[in-house]
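Asker: the following block contains a protein sequence and its predicted model.
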Amino acid sequence: MELVFFTTAQCHLCEVAEALLINTPLPEPVPVEAVDIARSESLVNTYGTRIPVLRRNDTGAELDWPFDQNQLLAFLAVTPPGSPES
């Protein structure tokens, strides 16, 4: 699985989402490509009011802000550490 992180410069919510992504414990690393939507009018039209957004390359599923660690883990289909399923 790989993720695309749609973001832009000076976006406080994007910084919060990035920190959450970095600090969420995962069983193995997930490659993340950061895409600045300001580089494309099409991306601005699609994501301008939704960023930060994560997209899974394998399924095309997208997770719009706001999301928390549990929602992120569910999006990634990962069981949170310490839960009964882990």
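Answerer: Done, it's in. Numbers count the residues shown, from 1 in each chain.
Asker: show the pLDDT at Pro29.
Answerer: Note on Pro29: pLDDT of 89.
Asker: can you count the residues close to it?
Answerer: A count of neighbours around Pro29, defined by other C-beta atoms under 10 Å, yields 6. C-beta: built from backbone N, CA, C; applies to glycine.
Asker: may I have the phi/psi pair for it?
Answerer: Reported as degrees, to the nearest 10, the phi and psi values for Pro29 are phi -60, psi 140.
Asker: who does Val32 bridge with?
Answerer: The partner list for Val32 in beta bridges (DSSP bridges) reads Leu3.
Asker: center of this protein, which residue is that?
Answerer: Leu54 (3.1 Å; C-alpha atoms, centre = their mean).
Asker: separation between it and Phe75?
Answerer: Noted for Leu54: a distance of 7 Å to Phe75, by C-beta to C-beta, to the nearest Å.
Asker: which residues are common contacts for those two?
Answerer: Residues touching both Leu54 and Phe75 by C-beta atoms under 8 Å, 6 or more residues apart in numbering: Leu63.
Asker: phi, psi of the closest residue to the residue nearest to the centre of the chain other than its chain neighbours?
Answerer: Closest residue to Leu54 apart from its sequence neighbours, by C-beta to C-beta, 6 or more residues apart in numbering: Leu63 at 4.6 Å. Backbone torsions of Leu63, given as degrees, to the nearest 10, read phi -120, psi 110.
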